[in-house]
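Q: mind folding the following:
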Amino acid sequence: MQSDTFDFRMQTGVFHMNLYHLRYFVTLAKMQHYTKAAEQLCITQPSLSHAISSLEKEMGVKLFEKEGRNIVLTKCGTEFLKEVERSLEILDNSVTHIKAFGSGDGRLDIALLRTLGTSLVPDLIRGFVSEYPYKNIDFHFYNGLTSDILDGLKEQKYDIAFCSCADNEPLIDFIPISRQELVLIVPRKHPLADRESIHLKETLQYPQILFSQRSGLRAVIDKLFEQCGQMPDAVFEIEEDQTIAGFVANGFGIAVVPDMPILNNMPLKVIHISEPNWERYFYMATLKNRYHVPLVENFKRYVEAHTDI
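A: As a prediction, the model looks like this:
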């Protein structure tokens, strides 16, 4: 419910005015007749007169003057009307905007790992929109690394995130929604290109492209190579998996990356890693113990009901 007081800022200072009185003023300014304006507002004429008198007393100027049987705005009243109409329009638009969130409409800010933007997240969005066809939803998407995404989530830049799980994040709720295995990718003319499956130890003799230290996958892949007793010879370190795939396709080395749909459309050979075996999980992340508008809650419930885990 709107407050019945309103801070009206002008060059002379701040006035704490009754919001209804401002609306009465606008109606009277349009109709230029106390009786007709009172009928339009469904109030008594004395109540309208009292409201206008209160405004004029607070402003310190006359807003209306008589002209025959009608009343007209004074010069000050004309200037005040412009300001009041502009302010009320901003207020009404804000109220409408916020009320939309309460009905399940509004803006949804989603952050995601780039690899999840090829299939998983688009499929979830398509299904959610189909389930709520009459909702007016404004989706906004942001890409980044898990560390950056989680920082933005804690700063409330995003409503929901799709990323890897991270340790020591007590403020964030992680819900597993999908799994993904790691695979070896090599150029099509590489000596390993005829293999369908491989032990990771067999890749150590070849130059490799690794994830950068900022990537959550770097520590995981390093542990896998530690199990093989040796670290690979790194020719490049790159943050994003799709960029790594592009460098592999152009013959700069081989790489261990998540199995992504985009790999099937690149000049690469995708090889199953038999040992060491590992699966990567993706999560939906939201802030714990925070109020979420109905749109966010609806989307969270939809995702939880349509995960493949």
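Q: in terms of contact, does residue 228 touch residue 256 like I think?
A: No: the pair residue 228 / residue 256 is not scored as a contact, 11.2 Å apart, by Cβ atoms under 8 Å. All C-beta atoms are positioned from the backbone trio N, CA, C, and that covers glycine.
Q: need the overlap of contacts for these two.
A: By the contact definition Cβ atoms under 8 Å, 6 or more residues apart in numbering, residue 228 and residue 256 are jointly contacted by residue 200.
Q: so for the two, which sits in the more crowded spot?
A: Neighbour count, other Cβ atoms under 10 Å: between residue 228 and residue 256, residue 256 has more, with 25 against 16.
Q: okay, strands next: where are they in the stretch 201-309 of the chain?
A: With DSSP state E, counting those that start in this stretch as the definition, the stretch 201-309 of the chain shows strands at residue ranges 208-211, 234-238, 255-258, 268-275, 279-287.
Q: what pairs with the fourth one, parallel or antiparallel?
A: Just to be clear, that refers to strand 268-275. strand 172-187 (antiparallel), strand 197-199 (parallel) (DSSP bridges).
Q: could you do the longest one as well?
A: With DSSP bridges as the test, strand 279-287 is paired with strand 160-163 (antiparallel), strand 172-187 (antiparallel).
Q: what does the first one contact?
A: Under the criterion Cβ under 8 Å, 6+ apart, residues 108-113, 116, 120-121, 146, 149-150, 152-153, 177, 282-286, 296, 299-300, 303 lie in contact with strand 160-163.
Q: got the phi and psi for residue 63?
A: Backbone torsions for residue 63, taken as degrees, to the nearest 10, come to phi -100, psi -30.
Q: what do you get for residue 276?
A: The phi/psi pair for residue 276 (degrees, to the nearest 10) reads phi -60, psi 140.
Q: isn't it right next to residue 228, touching?
A: Yes: taking contacts as Cβ under 8 Å, residue 276 lies within contact range of residue 228: 7.3 Å.
Q: what do the two both touch?
A: The contact lists of residue 276 and residue 228 share residue 200, where a contact means Cβ under 8 Å, 6+ apart.
Q: now the helices for the stretch 101-250 of the chain?
A: Along the stretch 101-250 of the chain, the segments classed as helices by DSSP state H, counting those that start in this stretch run 120-131, 146-154, 216-227, 241-249.
Q: now distance to residue 138 too, for those helices, in a markdown table please.
A: Conversion of the helices of the stretch 101-250 of the chain to a markdown table gives the following (distance: least, Cβ to Cβ, whole Å):
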| stretch | distance to residue 138 |
| --- | --- |
| helix 120-131 | 12 |
| helix 146-154 | 18 |
| helix 216-227 | 29 |
| helix 241-249 | 27 |
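Q: between the ones you listed, which gets the lowest average pLDDT?
A: Of all those, the segment with the smallest mean pLDDT is helix 216-227, scoring a mean of 90.
Q: which residues does it contact?
A: Helix 216-227 has contacts (Cβ under 8 Å, 6+ apart) with 145-147, 164, 166, 182, 200, 204, 210-212, 231-232, 241, 256, 258, 276, 278, 280.
Q: for that helix, buried residues please.
A: Buried residues in helix 216-227, counting neighbours by 16 or more other Cβ atoms under 10 Å, are found at 216, 217, 221, 224, 225.
Q: right, and the strands paired with strand 268-275 - which one's nearest residue 27?
A: Smallest distance to residue 27 across the strands paired with strand 268-275 (Cβ to Cβ): 49.3 Å, for strand 172-187.
Q: got the domain ranges for the chain?
A: Domain assignment of the chain by automatic domain parsing yields the ranges 5-102, 108-309.
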